[in-house]
Every structure is written in C-alpha cells, then in structure tokens.
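*Asks:* generate coordinates for the sequence data below:
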Amino acid sequence: MNQLFKTKWNAACFVLIPACIGINYLGKLFASVLKLPLWLDSIGTCIGAILGGPVIGAICGAANNLIFGFTTGDSITLVYALTSLFLGAGVGIMARLGHMKTLSGAMLTACVAGMTAVIISTPLNIYFWGGTTGNIWGDAVFAWSQAIKLPVFLGSFLDEVVVDVPDKIITLLIVFAIVKGFPKKLTALYEVNEDVESLD
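*Replies:* Numbering: from 1, shown residues only. Presented below is the predicted three-dimensional model:
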C-alpha cells in the first residue's frame, strides 16, 4: 500500500508521458473526425497509469486535454482536464492494487474509471453547458430526460453514463490487450519495487 502513489522518475517515464499524450491526441482526433459516439481520448492515459502509476496517469490525462484544447481551439476539452486527471489517477490506483492483471479486474477498473468520469464531469456539464456533453448519443438521452421533466442533474448524469461507461469499457479492454502484450523487460522499467533502469 505504501507503493500506491510512488513514481519511478527515470528516463523511461519521461518517454512514456509524451508517448501516451500522443496516443490520446490521435484517439480523440479520430473520434472527432468520424463523429463517433465515444471519446477514445484516454487510451494513452490508461497505459501511462498502468505502467507508471496514478501520478503519471494523472499527468498524461490532464496534459492531453490542455494540449488538445489549446492546439485545436476546442475550449470544451480544456474544461475536462480535471476529469482526465482524476481518471488517470483512478486507473493508476486500480492497477497498483492489482486489478489490471485479469480480464475481470480490467472490467472492474473500467467501471471505476467510467463512474469517476461521470461524477467529475456531470457538475462541469451543468455549470458550463446546461447539462449537455456535446455527444450525440448522450445529449439525446439528456433531451429525453428534460422532455419527461427529470431534474437537470439527473438528466446530465444519465447523459454522461451512456457515453462514459461504454467508452471506458472499450478503452480499458483495448489497453488490457495492449499491456498484456508488453514484454516483461519493458514493464519492469516502471516497477517501483525494482531497480531496472534500462533495456540493456
């Protein structure tokens, strides 16, 4: 438990962070261009969190939103840097607790990640956008909720659930498969209880 937030600040970590941010950037761009009903912007965050721990995951998540927002002029993305920060930290904690070693653990991590995103994002949605997310599927649910006179908070919460939970399940299953394929020599570079410093 004392290793939960420990971070191995070595060369491998400093390479990992920009690599993961790049993966996030491409995933979000891909989803945005194709107008997919998912975000696909946290694959890199989750890889970074699983390998480097919650601190690296938080950095990758928040930095991705800030970089994407400033380079594309997407102000909505900037607002959700906070969500991505907590998402990365949450996945990193789950990984450090051993939940990314099995498929069932990955599914549990995905649910935790999805609900973390929902809990952080819902108040932001209400404050900045009146409860909507900008996602076509989620906003259809929000419109339905308001048509039947549900409270705005509940409608916005449901809006987030139908987008974020499936998105994080798909994301974590992809990440689980990717990380499982990494050689031990690579993953050992990030283990906080190891002294491996290079690939040699």
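
*Asks:* any idea how far the lowest-mean-pLDDT helix or strand in the chain is from the middle of the chain?
*Replies:* Of all helical and strand segments in the chain, the minimum by mean pLDDT, DSSP states H and E falls on helix 75-79, at a mean of 84. With C-alpha atoms, centre = their mean, to the nearest Å as the basis, helix 75-79 stands 15 Å off its chain's centre.

*Asks:* may I see the buried residues of it?
*Replies:* For helix 75-79, the neighbour count (16 or more other C-beta atoms under 10 Å) marks 77, 79 as buried. Backbone N, C-alpha and C define where each C-beta goes, glycine included.

*Asks:* helices or strands up against that helix?
*Replies:* On a contact count with 3 or more C-beta pairs under 8 Å, 6 or more residues apart in numbering; DSSP states H and E, helix 75-79 meets helix 54-72, helix 103-129.

*Asks:* so which of those helices comes closest to residue 45?
*Replies:* helix 54-72 (4.1 Å; C-beta to C-beta).

*Asks:* give me the average confidence score over that closest one.
*Replies:* Mean pLDDT, helix 54-72: 92.

*Asks:* output the helices and strands packed on helix 75-79 as a markdown table; include the columns mean neighbour count.
*Replies:* Converted to a markdown table, those look like this (neighbours: other C-beta atoms under 10 Å):
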| stretch | mean neighbour count |
| --- | --- |
| helix 54-72 | 22 |
| helix 103-129 | 19 |
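
*Asks:* lovely, talk soon.
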